[in-house]
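A.B. asks: The sequence isn't on hand, but the structure is:
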């Protein structure tokens, strides 16, 4: 399995996310709890971080929550679902996260649903 650090090079701490989204840190925690964002523990010292590409200039990447829900319901843990979102898929083209960031959810969700079966 590919290490997340090979796939994702730009990580944001939760305070960084709060500043970028102009939110209180408690609201960022709620976004994570609600599946609108995905955080994993990384680094030294270990802390919760979020891939920067989960955010756009307008906020959280569109359609991320539904895709995360599909993958979690299918048994994916957060590392597995981030690995899938950030791995190139020649049939899309590109990475699923890139498709979601551009507002294209249909094919991404079909693939996520197929994986979750």
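C.D. replies: Looks like it came in fine. For clarity, every value in this text was computed on a predicted model and none was experimentally measured.
A.B. asks: Can you report the mean pLDDT over the residues of the strand of greatest length in the chain?
C.D. replies: Looking across the chain with DSSP state E, the single longest strand is strand 47-51. Per-residue pLDDT over strand 47-51 has a mean of 96.
A.B. asks: May I have the strands that pair with whatever helix or strand comes next after that strand, each with its orientation?
C.D. replies: Using DSSP states H and E, the helix or strand that follows strand 47-51 in sequence is strand 55-56. Next to strand 55-56 in the sheet, as set by DSSP bridges, lie strand 59-60 (antiparallel).
A.B. asks: Next, the buried residues of whichever helix or strand comes after the strand it pairs with.
C.D. replies: Counting by DSSP H and E, the next helix or strand C-terminal to strand 59-60 is helix 64-73. Neighbour-count burial for helix 64-73, counted by 16 or more other CB atoms under 10 Å, picks out 64-68, 70-72. For the C-beta atoms, the positions are set from N, CA and C on the backbone; glycine is no exception.
A.B. asks: what's the farthest-apart pair in those?
C.D. replies: Between any two of the buried residues of helix 64-73, the greatest separation by CB to CB is 12.1 Å, found for 64 and 72.
A.B. asks: circling back to that earlier point, with distance to residue 48 and pLDDT added, can I get the buried residues of helix 64-73 in TSV?
C.D. replies: Shown next, in TSV, are the buried residues of helix 64-73 (distance: CB to CB, whole Å; pLDDT from 0 to 100):
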residue	distance to residue 48	pLDDT
64	17	95
65	18	95
66	22	94
67	20	95
68	16	95
70	23	93
71	19	95
72	17	95
